[in-house]
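Q: Give me the fold of what follows.
(2 chains)
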Number of protein chains: 2
Amino acid sequence: MERIVAHYYIETPLAIDHAAAVLAGEQSSGTFVNIPGETEELKRRFAAKVEAIDLLETVNQPAIPGIASSGKLYQRAYIKVSWSVENFGSNLPVMISTLQGNLYELTQFTGLKLMDIELPLSLTQYFRGPQFGIEGTRILTEVYQRPLIGTIIKPSIGLSPAQTADIVKVLVDAGIDFIKDDELLSSSANSPFAERVDAVMKIINDHAHKTGKKVMYAFNISDEIDNMQRNYDKIVQSEGTCAMISINSVGISAVKKLCDLGQLAIHGHRNGWGMLNRHPLLGIEFPAYQKLWRLAGVDQIHVNGIQNKFWESDDSVVKSIESCLTNIAGTHTILPVVSSGQWGGQAPETYKRTKTTDLLYMAGGGILGHPAGAAGGVKALKQAWDAAITGLSVEEAAQQYPEFAQSVAKFGKKV
Amino acid sequence: MERIVAHYYIETPLAIDHAAAVLAGEQSSGTFVNIPGETEELKRRFAAKVEAIDLLETVNQPAIPGIASSGKLYQRAYIKVSWSVENFGSNLPVMISTLQGNLYELTQFTGLKLMDIELPLSLTQYFRGPQFGIEGTRILTEVYQRPLIGTIIKPSIGLSPAQTADIVKVLVDAGIDFIKDDELLSSSANSPFAERVDAVMKIINDHAHKTGKKVMYAFNISDEIDNMQRNYDKIVQSEGTCAMISINSVGISAVKKLCDLGQLAIHGHRNGWGMLNRHPLLGIEFPAYQKLWRLAGVDQIHVNGIQNKFWESDDSVVKSIESCLTNIAGTHTILPVVSSGQWGGQAPETYKRTKTTDLLYMAGGGILGHPAGAAGGVKALKQAWDAAITGLSVEEAAQQYPEFAQSVAKFGKKV
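A: Now for the predicted structure:
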């Protein structure tokens, strides 16, 4: 029987093989005493197995609370643990409980982070994964050989449908490829979902009929499941192409249900991610995280950006982008969504480090706050990516492109 | 318009009012530059508001990575932030994205934990909350004036339906009130869900017809949404009374959908909780967490137990139990599920500290591993609670009750 392998980064005050065995025991037999019925045959078939232990450094202070070290030393290590897929079959939530369940509670660890998952073929073939992904999003938007340029409607919350549509009009006229709702807005008293879809899609459809360019708008459908399905249908009926879901806030079972409908690209917003990832020795790393959401069928997922306004390092962002582009048998790749404090100045470094244009490159204030307005903002971002692909530096690009030069003057203090 | 108030425990290297303002800005207007359309009227109506700041100590080391302090000091504080409920209406996922979204990403904080939430009346009245809760679970099981005594089928994974039913037979004959699947098992090749329900419910229904006592069995339905609904229906048809869901693995939108069906008590298993809570300055504290799941309608929720085998302190467990018992207008209270390394020896301390019997008190190995078998295990647990309510110590109880004395001899090394 095939096995799933989980890579953990751990810290423990105990002998490492003992700690690893406790983890494997908790996540298969699951009790603190030997009990009747737990035969050797049963253990062989269902028990978690410690596949590898790679020792790292020792430290004097525990990363998170747990049992104290008698010798005041805490050993760090990478460990690999495997389970037979028979344990959970094709049940994604139970797979998650197996890989990410009570093991975080074990006092034998003073640090535990799920770094990556090796998915066996039976799983990647069972889950059809993203229906659109990179390729499908490009087909829907007809944007090729450069990143999609996107923006977020700001202010996040408070605009009426008509006000939102006015901003959308400015943006589509400016040549934008993609627009999204903010995660703080789904349906509110002053912007009911259906009215916003009507107002926005009228602009987008008119623009498409006139110019042939269909701008993708990610309407935030995050909600209870029945409301999500109703709002999804509303987008489909209105000839929209995308729905956004705050994947952590909604949860994987409901997200998969919506992805399975297969008529809209699903834009996965990962707000709340810092809670799951920000500590170096607790939670989950993005390479593992994006695999779970790819199995569920999410088409686009946020990865922050180079020199973002948040806490995440550039190295981590680069690793996240690379993990999205890694092939998983049987599923499309997932489109990395670069955002957070982006204005174009980060394009050269982003391209230099990732060598890809398979990105949805999002700027909020960087577009709407451009000195020459949204048209200047979109132009400046396209210029930044032309420059990046050509190999120009920010300074060289600013000399060549006037709109990008304006961005540098306004937003480029850090560069 | 009513406001929701969130209490955060934070740490920052910046001036505290500046950091708090950044949080409020990110979670309402949401961009790094002033942009057209963000009027003063709109800000007044929709902006998050910093309601209070209570300074705590300063420390020399940041709790989690963020921007460095120029003076090498990091200020800790409790802050309260409020939003108009108009921002998200009755949309639970968007409320979660508001309270627990991108704010965890802010580099201006080197620690941020959601401690509690003040829910306005409009929300607690809109969400009908737990359909069963403490009262309903007692009515379904006919257990009053003492904790429900429960256990988990072990080994967690690998038993056939017939083997599971054999254990259930032993347990119901022993006088147990409640039994649950382990979170690692839902439907597997060697224990298909429907077959397990048939085998288990035959035992439970036969026992109920014979004795009048209906044991509650929490079948783990955690899965994709359509499978969960099918398995829920199977339990209802088989005259079961409870379904278990791994709430973190499944997610709140799908959990609420199942709770809304209202025919079964929903047993909320919080595996993965350590990831969300274990760091003192990252994630969410239980008082806030259980309110979210009460709004979704979960009837029973895990809280660990006194002297548990996991990392959690007794103080934290007591606080969790108390928060479950707190009244929220318009919703039933939620039944705290005490588990993890429990065998009865912790009953006196649990009662002494919480003064409640409104508990589902779970022992796994503590029952099935009892020297006199499951009957002795269940008897010992009931004795432990009789003793606890009477005010006996563990030693006094062991002198009075022979089965409890056997538990002390086998499991009581730590006492």
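
Q: Quick check: phi and psi at A:Val215.
A: Main-chain dihedrals, A:Val215, degrees, to the nearest 10: phi -70, psi 140.

Q: Any idea how many residues pack against it?
A: Neighbours of A:Val215 under the rule other C-beta atoms under 10 Å in any protein chain shown: 23. Glycine gets a C-beta too; all of them are placed from N, C-alpha and C.

Q: A:His267 too?
A: A:His267 has 30 neighbouring residues, counting by other C-beta under 10 Å.

Q: Could you pull out the helices in the stretch 1-150 of chain A for me?
A: A:16-26, A:40-46, A:92-100, A:121-126, A:133-141 (DSSP state H, counting those that start in this stretch).

Q: With distance to chain B and mean neighbour count added, can I get those helices in TSV?
A: Below are those laid out as TSV (distance: least, C-beta to the nearest C-beta, whole Å; neighbours: other C-beta atoms under 10 Å in any protein chain shown):
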stretch	distance to chain B	mean neighbour count
helix A:16-26	9	19
helix A:40-46	4	14
helix A:92-100	4	26
helix A:121-126	12	16
helix A:133-141	20	19
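
Q: Disregarding residues adjacent in the polypeptide, which is nearest to whatever residue of chain A ends up closest to chain B?
A: With C-beta to the nearest C-beta as the measure, A:Gly251 is the residue of chain A nearest to chain B, at 0.7 Å. Nearest residue to A:Gly251, sequence neighbours excluded (C-beta to C-beta, 6 or more residues apart in numbering or on different chains): B:Gly251, at 0.7 Å.

Q: just A:Met201 next, same as before
A: In space, and not counting its chain neighbours, A:Met201 is closest to A:Ser238: 4.2 Å by C-beta to C-beta, 6+ apart.

Q: Same check on A:Met275?
A: Leaving aside its chain neighbours, A:Met275 sits nearest to B:Tyr104 (4.5 Å; criterion: C-beta to C-beta, 6+ apart).

Q: Identify the residues contacting that neighbour.
A: B:Tyr104 sits next to A:272-275, A:278, B:112, B:282 when contact means C-beta atoms under 8 Å, 6 or more residues apart in numbering or on different chains.

Q: Just the pLDDT at it, thanks.
A: With respect to pLDDT, B:Tyr104 has a value of 96.

Q: For the stretch 201-350 of chain A, which residues are neighbours of chain B?
A: A:220, A:222-228, A:246, A:249-257, A:269, A:271-276, A:278-280, A:282-284, A:304, A:309-312, A:340-341 (C-beta under 8 Å from any C-beta of the partner chain).

Q: In helices, which of those residues fall?
A: A:225-228, A:249-250, A:252-257, A:273-276 (DSSP state H).

Q: Now list the buried members of the residues you listed.
A: Buried members of those, counted by 16 or more other C-beta atoms under 10 Å in any protein chain shown: A:225, A:227-228, A:249-250, A:252-257, A:273-276.

Q: quick one: the strands in chain A?
A: Using DSSP state E, the strands of chain A run over residues A:3-12, A:49-59, A:74-84, A:111-118, A:148-152, A:178-180, A:216-220, A:242-246, A:265-269, A:282-284, A:300-302, A:335-338, A:360-362.

Q: now the first one: how far from the chain's centre is it?
A: To tie it back to what came earlier, the one meant is strand A:3-12. Averaging C-alpha positions (C-alpha atoms, centre = their mean, to the nearest Å) puts strand A:3-12 21 Å from its chain's average.

Q: Specify the angle between it and strand A:49-59 in degrees.
A: Angle of strand A:3-12 versus strand A:49-59, following axes from the mean of the first three to the mean of the last three C-alpha atoms, to 10 degrees, is 20 degrees.

Q: So what are the sheet partners of strand A:3-12 and their directions?
A: strand A:74-84 (antiparallel), strand A:111-118 (antiparallel) (DSSP bridges).

Q: which stretch among the ones you listed comes nearest B:Pro371?
A: Among those, strand A:74-84 comes nearest to B:Pro371, with 32.2 Å by C-beta to C-beta.

Q: Now do the buried residues in the closest one.
A: Within strand A:74-84, the residues scored as buried using 16+ other C-beta under 10 Å are A:74-77, A:79-84.

Q: Need the per-residue pLDDT for A:Lys413.
A: 69.

Q: so which of the buried residues of strand A:74-84 comes closest to B:Gly330?
A: For the buried residues of strand A:74-84, the residue nearest B:Gly330 by C-beta to C-beta is A:Trp83; the value is 42.3 Å.

Q: Tell me who's in contact with the closest residue to the closest one other than its chain neighbours.
A: Take A:Trp83 and drop its neighbours on the chain: the residue closest to it by C-beta to C-beta, 6+ apart is A:Ala48, 5.1 Å away. Going by C-beta under 8 Å, 6+ apart, A:Ala48 touches A:23-25, A:27-28, A:81-83.

Q: Just flag the most distant two among those.
A: Pairwise distances across the contacts of A:Ala48 (C-beta to C-beta) peak at 14.1 Å, for the pair A:Gly25 and A:Ser82.

Q: from memory A:Ala329 sits against A:Gln125, does it?
A: Yes: the criterion here is C-beta atoms under 8 Å, and A:Ala329 meets it with A:Gln125 at 6.8 Å.

Q: for chain A, what helix or strand is lowest in average pLDDT?
A: Sorting the helices and strands of chain A by mean pLDDT, DSSP states H and E puts helix A:40-46 at the bottom, at a mean of 78.

Q: can you count the residues close to the residue lying closest to A:Ile284 once chain neighbours are set aside?
A: Leaving aside its chain neighbours, A:Ile284 sits nearest to A:Leu114 (4.6 Å; criterion: C-beta to C-beta, 6+ apart). For A:Leu114, the neighbour count with other C-beta under 10 Å is 23.

Q: can you pull the contacts of A:Leu114?
A: Here A:Leu114 is in contact with A:6-8, A:99-100, A:283-285, A:288 (criterion: C-beta under 8 Å, 6+ apart).

Q: Any figure for the gap between A:Leu325 and A:Thr350?
A: Distance from A:Leu325 to A:Thr350, counting by C-beta to C-beta, to the nearest Å: 13 Å.

Q: neighbour-wise, which of the two wins?
A: A:Thr350 (27 against 16).

Q: okay, now the nearest residue to that one once chain neighbours are set aside: neighbour count?
A: Residue nearest to A:Thr350 in three dimensions, not counting chain neighbours: A:Ile306, with 4.8 Å by C-beta to C-beta, 6+ apart. Using other C-beta under 10 Å, A:Ile306 is surrounded by 24 other residues.
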